[in-house]
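Undergrad: Let's see this in three dimensions:
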Amino acid sequence: MSPLPSWLAAVLALLPGVAVAAEYGPAVHYALECQGCHRVDGQGTPGSVPALAGFAARFLAVPGGREYLVRVPGVAQAPLDDAAVAAVLEWMLRRFDPEHLPPDHQPYTPEEVGRLRRSPLTDVRGERARLVAAMDAVRGRGE
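TA: Residues are numbered from 1 along each chain as shown. The predicted structure is shown next:
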């Protein structure tokens, strides 16, 4: 039996009592859990939801950035298992910001995601501001 088209899986997931099977990939999970705020193109919602496109993988270049991507509430509290969250994160990084993905990037593992999700961020804006300042400092040094 072949999997449902992603558009049909997304529609079915909106119906009460219908579960989307775990075999659906990260693109479907992104569509169902993330794109409502981050939008289909990863551009975010100006003034309220940060863009992923051209930016998300930059977090991997600064201490605490990798953890931040898992600990933001939308990720940490997503109704997906740890393996699905790891897959969505990897898909998102490669889809929306491949140019900033470090050459030595190690994919997220379900174990890492599970550990980090247990402590979601409480000061998301503050942590993001700290990490963006660290990114700017790295960029200013030409690293």
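
Undergrad: where does the chain have low pLDDT?
TA: 1-23, 141-143 (pLDDT under 70).

Undergrad: can we see that at 50?
TA: 1-2, 18, 20-22 (pLDDT under 50).

Undergrad: Find the centremost residue of the chain, please.
TA: Leu89 (4.2 Å; CA atoms, centre = their mean).

Undergrad: ok, that one - contacts?
TA: Counting by CB atoms under 8 Å, 6 or more residues apart in numbering, Leu89 touches Leu69, Val70, Val75, Tyr108, Val113. C-beta: built from backbone N, CA, C; applies to glycine.

Undergrad: May I ask which helix or strand encompasses the second one?
TA: If you go by DSSP states H and E, Val70 is part of helix 65-71.

Undergrad: How far does that helix sit from its chain's centre?
TA: Relative to its parent chain, helix 65-71 has a centroid offset of 9 Å by CA atoms, centre = their mean, to the nearest Å.

Undergrad: Show me what the helix or strand following it is packed against.
TA: The helix or strand immediately downstream of helix 65-71 is helix 73-76, counting by DSSP H and E. Helix 73-76 sits against helix 110-117, with contacts defined as 3 or more CB pairs under 8 Å, 6 or more residues apart in numbering; DSSP states H and E.
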